[in-house]
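Engineer: Sequence and predicted model, in that order:
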Amino acid sequence: MSEERGSSAQTEEDEDLFVSAMESPEAARLSAEDLSPSSNGPRDDDPDDLFAEATEEVSLDSPERQPILSDGPSPAITPVSISPRVDVFDRSPDLDEEEEENRDTFDIQISVSDPEKVGDGMNAFMIYKVTTKTSLSIFSRDEVCVKRRFSDFLGLHSKLASKYMHMGFIVPPAPEKSIVGMTKVKVGKEDLSSVEFVEKRRSALERYLLRTVKHPALLKDPDVLQFLESSELPRAVSTQALSGAGILRMVNKAADAVNKMTIKMNESDAWFEEKQQQFENLDVQLRKLHVSVESLVCHRKELSVNTALFAKSAAMLGNSEDHTALSRALSQLAEVEEKIEQLHQEQANADFYLISELLGDYVRLITAVRGVFDQRMKAWGKWQDAQLMLQRKREAEAKLQYASKPEKLQQARDEIREWEGKVQQGERDFEQISRNIRREVGQFEKERVKDFRVVIMKYLESLVHSQQQLIKYWEAFLPEAKAIA
Amino acid sequence: MMQEGLDDGPDFLSEEDRGPRAVNVDLQTDATLQVDISDALSERDKVKFTVHTKSTLPNFKQNEFSVVRQHEEFIWLHDSFVENEEYAGYIIPPAPPKPDFDASREKLQKLGEGEGSMTKEEFTKMKQELEAEYLAIFKKTVAMHEVFLCRVAAHPVLRKDLNFHVFLEYNQDLSVRGKNKKEKLEDFFKNVVKSADGVLVAGVKDVDDFFEHEKTFLLEYHNRVKDSSAKSDRMIRSHKNAADDINRIASTLYTLGTQDSTDLCKFFLKVSELFEKTRKIEARVAADEDLKLADLLKYYLRESQAAKDLLYRRGRALVDYENANKALDKARAKNKDVLQAETTQQVCCQKFEKISESAKQELIDFKTRRVAAFRKNLVELAELELKHAKGNLQLLQSCLGVLKGDT
């Protein structure tokens, strides 16, 4: 990913668009000042000016100030119809134009749709249609549709993880496996929970792909291209045992094991220590938030059910009331409550599909981020081990100096050269992964800010819509209540 | 004392504080006898109500006076009405339910136990919540006890009751002990007999269309009110739970806001602030629904039961009358104890007719009161729901405006 891009970004050719960090180490090298976490800009500022120095924090790559994303003039609040399939990553043209991102116009749209059940019983599985629309030249066509199953996605992730994680790239985790959820679908239960499960999974798969292609290196990856384009995909067998998260855990465990065994890393760069701490804190809070939101979803669903029950009961009461006007008013009340029940249901869906799923995604993403830090420690460990080994070889050679075994001496000297090379490689690798992580984290944080802002705003708008509806319903009811004589 | 802690908008409790708190009952306040509960004190597991009376009636020594009463004394008064044969033809105002702070106390205890596991802010917040909840229950129980007294004071016959005057005026402890086990058991059996009887009596078709209609109506109405009351309680509880969740979400967002190293920190703080405010409104919505809807239904559940009891008593009197008629016929046939049978029959007849006459008026009044109470509460419910929804909307829109403007 080319970092130092000036305003001529737009005019550069597509081929240069996604120059990977590995190829242009200079470009990827970020000055420490840009990333200094000590800039407490927004917090020190005048509290009313929320985003005074926001641009400084966010633009970690280009030296120019990047305009903060704007939706243009504040749009009138229009009712947002929340269907379960909420387009979280809806990128309006306005956003794209103002984003002077290094990725230029992010012109790729992916959708996962039309879940279809194939087969019967326990061997059944769901097939999803993956549609890619793009004008990027790395793709062979403008629009391509393929059919993929869940294990294909897991397979893709496991390949990407094994290729890129050790370099410090944050590889977006695949959605979780769910034995219970899937079993219900397999067994053929056409009930609401199965439908919801499939929709939840479809949405998660879509978000997964979109996050993956947002990463310039991953977008160029042949496995990704093959996944999106080729009609036939070799069946991913190894994923039957491992889920995406399983792989992550495995990788992380290895890293942890390494850390615990070898020397504690001498952290010379405060940035890494601070970032790690920040991500740890973020992890704790996001998990906590996720739990609360899940509880809210649950209670809102409960509220919806109980409101429906009350509505029915109120209708019955209205029926048995022998005062005509009151009877009518009670029936009206029942109707209002029925409509409100629907509102609660929709709101619960918004709670879930907007916020809860976002939080779930980020909890998993943060695990991936922390894993990447562990990879760096592993790289450091390897470098240290190489240094130790070199030390030992030198000592061995020194001893051999006084024994007249010319062959062994030569071998020792060869080994020293070999290990000198390894030490240099280890150092290079460590520095490379450190650079990559800085860049990745910067990008990740940028995305995180965007994601949360967009989603939370959407959510607030759904709340606005709910209240507007409530006002409508009660305003209609009030005269009915007053009419009781 | 306890923080009402509601910064925005008028204090939701102030609606209750306006004048006589006859929340669920539409009563004309009569200058000759006005009763209210001017103060209440919660002590451990007892609530002490200060019953305040203003009256121009000659029966009282002063025009204005107050006494302190406890729940058991209200029950004593109620039971004395029920047991009084003279009042058989009236709907006896239902007794107020016992003050129940158990749930609230339990929660406060749990909070104390869990103090170590939450942040100081969370603890303070939850404590405030629970205190507000306690206060709300407290105000409710005061209102319910007051309604009972107001109903009695408004009733043309019951207001003259001697026990009632003693209750109002006697400024010493009435030494009314709660029913002991034996008495409670007696009550239980009485009720069993009554309901068995009730079935018998209900089965007898009434010659009078009015009462026949009322019987059918009340039986069904009572059941449906019971159901609605239960369902409204569940609905409101879910609402409270959701509001609690939003509270926790607001807290976590606040923490996130203080920790985040990106632009999101200010964003989170703003949203956290918003949710704090909307959460308060949601809690008020639940509280208002509780007052205007749930309490209304609960009250009419109790009143409809009292009305059913009246019909039962009338039914009993009718059966007694019919039995007396049969006995009289038998006596005349045998020409034995005719005079006695005649007297018995006359007494039964008078009793029955007296009950029927007052019962008819009582049931008509019941309907009038019911319609008025429902109207008042449904209108107020709708107005409050609108007020809160508009409040919520305004908060949300202004926050969205700020957030969008800051991009």
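Structural biologist: Sure thing, it's come through.

Engineer: For the stretch 301-450 of chain A, which segments are assigned as helices?
Structural biologist: Assigned by DSSP state H, counting those that start in this stretch, the stretch 301-450 of chain A shows helices spanning A:324-350, A:357-401, A:406-482.

Engineer: Name the stretch among the ones you listed that sits most buried.
Structural biologist: Among these, the stretch with the highest mean neighbour count (mean count of other Cβ atoms under 10 Å in any protein chain shown) is helix A:324-350, at a mean of 20. C-beta coordinates here come from the backbone N, C-alpha and C atoms, glycine included.

Engineer: and the helix or strand where B:Leu393 lies, does that touch chain A?
Structural biologist: Using DSSP states H and E, B:Leu393 sits in helix B:338-405. Yes - Helix B:338-405 lies within reach of chain A by Cβ under 8 Å from any Cβ of the partner chain, at B:367, B:370-371, B:374-375, B:378-379, B:381-383, B:385-386, B:389-390, B:392-393, B:396-397, B:399-405.

Engineer: PyMOL command for the buried members of the residues you listed?
Structural biologist: To isolate in PyMOL the members of the residues of helix B:338-405 next to chain A that are buried, counting by 16 or more other Cβ atoms under 10 Å in any protein chain shown, one can use:
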select buried, chain B and resi 367+370+371+374+375+378+379+381+382+383+385+386+389+390+392+393+396+397+399+400+403+404
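
Engineer: tell me which residues in stretch A:310-327 are buried?
Structural biologist: For stretch A:310-327, the neighbour count (16+ other Cβ under 10 Å) marks A:310-318, A:320-321, A:323, A:325-327 as buried.

Engineer: Outside of it itself, which residues are in contact with it?
Structural biologist: By Cβ atoms under 8 Å, 6 or more residues apart in numbering or on different chains, the residues outside stretch A:310-327 that reach it are A:328-331, A:333-335, A:337-338, A:341, A:483-485, B:213, B:217, B:220-221, B:224-225, B:227-228, B:231-232, B:234-235, B:367, B:370-371, B:374-375.

Engineer: Could the C-alpha coordinates of it be exported in PDB?
Structural biologist: What follows is stretch A:310-327, C-alpha atoms only, in PDB (Å, rounded to 0.1, in the frame of the first residue of the first chain):
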ATOM      1  CA  PHE A 310     -51.200  -7.000  26.400                       C
ATOM      2  CA  ALA A 311     -52.800  -5.700  23.100                       C
ATOM      3  CA  LYS A 312     -54.800  -8.900  22.800                       C
ATOM      4  CA  SER A 313     -55.800  -8.700  26.400                       C
ATOM      5  CA  ALA A 314     -56.900  -5.100  26.100                       C
ATOM      6  CA  ALA A 315     -59.000  -6.000  23.100                       C
ATOM      7  CA  MET A 316     -60.700  -8.700  25.100                       C
ATOM      8  CA  LEU A 317     -61.300  -6.200  27.900                       C
ATOM      9  CA  GLY A 318     -62.800  -3.800  25.400                       C
ATOM     10  CA  ASN A 319     -65.100  -6.400  24.200                       C
ATOM     11  CA  SER A 320     -66.500  -7.200  27.600                       C
ATOM     12  CA  GLU A 321     -66.800  -3.500  28.600                       C
ATOM     13  CA  ASP A 322     -70.400  -2.600  28.300                       C
ATOM     14  CA  HIS A 323     -70.000   1.200  28.000                       C
ATOM     15  CA  THR A 324     -69.800   1.700  24.300                       C
ATOM     16  CA  ALA A 325     -67.400   4.600  24.100                       C
ATOM     17  CA  LEU A 326     -65.000   3.100  26.600                       C
ATOM     18  CA  SER A 327     -65.200  -0.200  24.800                       C
END
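
Engineer: and it, how far out from the chain's middle?
Structural biologist: The chain centroid and the centroid of stretch A:310-327 are separated by 50 Å under Cα atoms, centre = their mean, to the nearest Å.

Engineer: Let me have the helices of the stretch 301-450 of chain A in CSV, extended by distance to A:Leu225 and mean pLDDT.
Structural biologist: Below are the helices of the stretch 301-450 of chain A laid out as CSV (distance: least, Cβ to Cβ, whole Å; pLDDT from 0 to 100):
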stretch, distance to A:Leu225, mean pLDDT
helix A:324-350, 34, 93
helix A:357-401, 22, 90
helix A:406-482, 21, 92
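
Engineer: residue ranges for the strands of the stretch 201-350 of chain A, please.
Structural biologist: Under the criterion DSSP state E, counting those that start in this stretch, the stretch 201-350 of chain A carries no strands.
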